[in-house]
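In: model the structure of this input:
(2 chains, ligands or ions: 1)
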Amino acid sequence: MVLIVNTTSDKELSKEFREILEERNTEYEMIEAAEMNISPCLGCNFCWLKTPGTCAIKDDYEDILVRAHKADQLWVITNTALGFMDHKGKNIFDRVMPLVTMNLEFRGNQMRHVMRYDKNPDIGLIYLGEVDRDYLNKWNERCAVNFGSKPLGAYPFWELKEAAACM
Amino acid sequence: MHVIIFNGSPRVQKFSNTDKIISSFAEGFCERGNTYELYSISNRREWGDARRAFNENKNILIALPLFVECVPGLMMEFLETLVPKTESTQISYILQGGFAEGSQLRCGEEYLEKLTHELGCKYGGTLVKGNNFMLRFMDEMQVEKETDGYREMGKIFDRDCNFFSEECRRFTGPEIYSLPVRIMLDILFKTAFKNTAISLSKKLGCTKPLDYKTLETDEQWSEDVTVQQRAV
Ligand SMILES: Cc1cc2nc3c(=O)[nH]c(=O)nc-3n(C[C@H](O)[C@H](O)[C@H](O)COP(=O)(O)O)c2cc1C
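Out: Okay, here's the model as predicted:
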């Protein structure tokens, strides 16, 4: 299953995306998160040390995390600001920490956290606005390695079909 | 020289590793009479004053923890409220993180240079260093020892007003660890480090193993029960 979290208010975009996915018979779930109550990660580390696997913040992200854990792919549709994804998009990734444990290991030649679960969703981005796509791709690669999965790439909103082809 | 320092961590000031780093850095920086103002982004009530300070000053230093390879979401939210400047303001950064190798912070560092230009400012370089995760669990003496290098870097910033020197580059430490070091660390991760984590968690009142599979355990349990019931 593919989980798509739309952190923008652009409902037209998600409507168009649904049509593409239905035509392709892709098994997906779409969450409209722009108006949801999603706090930034506050870095308390409770999800590692006090209540392993459970975030201390009780808000609309709880449901997103459960679905992300079950999904094969997690795609975030995000606005961009200051040359990167905006805070709403970034919060979705910062809050993924309960899927990670505090324990460390070397994967390749770099330190990584040991993942809490055997299966982790591959990660992709769809972005609005003008940013350096190469940088977002680079970020996507590093982020996916940190989460023990594969990067699916960063796609501008006019390449929905290309993104859907990876799903 | 007067510098505006932002602590970009979302963690409350009292527990923030970045705050401890800033304290040490500022000691070195202020030794010869420099001054600074500190704003913690974790406290939204400081955002108005922080914005004003950004607008009115030409020397800005942003100290931040790496969060998923880049700027923390909360800091991003604050930055989005700034109006890009047209004057010749310089922004320099102290970027710190949990993983120890310098290469871990390069993706974040690359963004900070872009960010500076997005904000219409001049880039004063980034002081990069990892291996800071444990600071919040250390006592005062240990913190002082661990952050001593930042005191020296404060003096360098007083001297150069940027982080482009060879001393700053060397401060990062190894980009990646050699294979023998990795093998040794890997053993420590599975022994001493794991035990430290367990004892920290117990101090916080944790009753579960640190690799507890919250999202599967309860669900798995009910699935197992259903399968067993069906078998019966
Ligand atoms: C959500 C989250 C994401 C993090 N991502 C990274 C990372 O990508 N790389 C890294 O080296 N450290 C990462 N860290 C570790 C922090 O950067 C490190 O613990 C830092 O010292 C925290 O500083 P603070 O207490 O001022 O927030 C992350 C921590 C959190 C809570």
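
In: quick one: contacts for B:Phe6?
Out: B:38-41, B:50, B:54, B:60-64 (CB atoms under 8 Å, 6 or more residues apart in numbering or on different chains). Just so you know, the C-beta spots here come from the backbone N, C-alpha and C atoms, and that holds for glycine as well.

In: do B:Glu87 as well
Out: B:Glu87 sits next to B:Lys58 when contact means CB under 8 Å, 6+ apart.

In: among the contacts of B:Phe6, which ones are in helices?
Out: B:50, B:54 (DSSP state H).

In: which of the contacts of B:Phe6 sits closest to chain A?
Out: Of all these, chain A sits closest to B:Ile41, with 10.1 Å by CB to the nearest CB.

In: closest point of chain B to chain A, which residue?
Out: B:Thr214 (3.2 Å).

In: helix, strand or coil for the closest residue to that residue other than its chain neighbours?
Out: Sequence neighbours aside, A:Gly53 is the residue nearest to B:Thr214 in space, at 3.2 Å (criterion: CB to CB, 6 or more residues apart in numbering or on different chains). What DSSP: H, G, I helix; E, B strand; the rest coil gives for A:Gly53 is coil.

In: mind pulling the model confidence for A:Gly53?
Out: On pLDDT, A:Gly53 comes in at 96.

In: so it versus A:Lys119, what's the distance?
Out: From A:Gly53 across to A:Lys119, the span is 14 Å (CB to CB, to the nearest Å).

In: who's more crowded, these two?
Out: A:Gly53 (25 against 12; other CB atoms under 10 Å in any protein chain shown).

In: spit out the contact partners of that one.
Out: By CB under 8 Å, 6+ apart, the contact set of A:Gly53 is A:47, A:98-99, A:116, B:208, B:212-215.

In: how about 6 Å then?
Out: A:98, A:116, B:212, B:214 (CB atoms under 6 Å, 6 or more residues apart in numbering or on different chains).

In: okay, now the third one: neighbour count?
Out: To tie it back to what came earlier, the one meant is B:Tyr212. 17.

In: ok, and the closest non-adjacent residue to it?
Out: A:Pro52 (4.3 Å).

In: quick one, phi psi at the one you found?
Out: phi -50, psi 120 (degrees, to the nearest 10).

In: can you show me the helices along chain A?
Out: Going by DSSP H, chain A shows helices at A:11-23, A:46-49, A:61-70, A:87-94, A:133-146, A:160-165.

In: now swap in chain B and tell me
Out: In chain B, helices defined by DSSP H lie at B:17-30, B:47-56, B:73-79, B:106-118, B:140-146, B:148-160, B:166-171, B:179-190, B:192-203, B:214-231, listed in chain order.

In: just put the ones you listed in CSV and tack on mean pLDDT and mean neighbour count.
Out: CSV is the format used below for these (pLDDT from 0 to 100; neighbours: other CB atoms under 10 Å in any protein chain shown):
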stretch, mean pLDDT, mean neighbour count
helix B:17-30, 98, 22
helix B:47-56, 98, 15
helix B:73-79, 98, 24
helix B:106-118, 98, 19
helix B:140-146, 96, 13
helix B:148-160, 98, 19
helix B:166-171, 98, 14
helix B:179-190, 95, 13
helix B:192-203, 94, 15
helix B:214-231, 57, 11
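
In: and B:Gln90, which of the ones you listed is closest to it?
Out: Closest approach to B:Gln90 among those is made by helix B:106-118 (8.4 Å; CB to CB).

In: got the contact list for the closest one?
Out: Helix B:106-118 is contacted from outside by A:82-84, A:139, A:142, B:66, B:69-70, B:91, B:93, B:95, B:123, B:126, B:128, using CB under 6 Å, 6+ apart.

In: look up how far B:Pro209 lies from the residue nearest to B:Tyr212.
Out: Taken as CB to CB, the span from A:Pro52 to B:Pro209 is 7 Å.

In: compare these two and say which is more crowded by neighbours.
Out: Each of A:Pro52 and B:Pro209 had its neighbours counted (other CB under 10 Å), and the higher figure belongs to A:Pro52 (22 against 12).

In: quick check, the more buried one in contact with B:Leu210.
Out: Yes. Contact criterion CB atoms under 6 Å: A:Pro52 and B:Leu210 qualify, at 5.1 Å.

In: got a list of what the residue in chain B that the ligand sits nearest to touches?
Out: Nearest residue of chain B to the ligand: B:Gly97, at 2.7 Å (CB to the nearest ligand atom). By CB under 6 Å, 6+ apart, the contact set of B:Gly97 is B:66, B:105, B:130.

In: got the phi/psi numbers for it?
Out: As for B:Gly97, its main-chain torsions (degrees, to the nearest 10) stand at phi -150, psi -180.

In: which residues does the residue most central in space within chain B bridge with?
Out: The centroid of chain B falls nearest to B:Pro65 when counting by CA atoms, centre = their mean (1.8 Å). With DSSP bridges applied, B:Pro65 shows beta-bridge pairing to B:Gln96.

In: ok, the one 5 residues further on next?
Out: On the basis of DSSP bridges, B:Cys70 is bridged to B:Phe67.

In: ok, it to A:Phe93 distance?
Out: Between B:Cys70 and A:Phe93 the distance is 9 Å, computed by CB to CB.

In: near chain B, which residues of chain A?
Out: A:40, A:42-43, A:49-50, A:52-54, A:69, A:81-84, A:87, A:90-91, A:93-94, A:101-102, A:104, A:106, A:109, A:111, A:139, A:142-143 (CB under 6 Å from any CB of the partner chain).

In: can you say which of those residues are buried?
Out: With burial judged by 16 or more other CB atoms under 10 Å in any protein chain shown, the buried subset of those is A:40, A:42-43, A:49-50, A:52-54, A:69, A:81-84, A:87, A:90-91, A:93-94, A:101-102, A:104, A:106, A:111, A:139, A:142-143.
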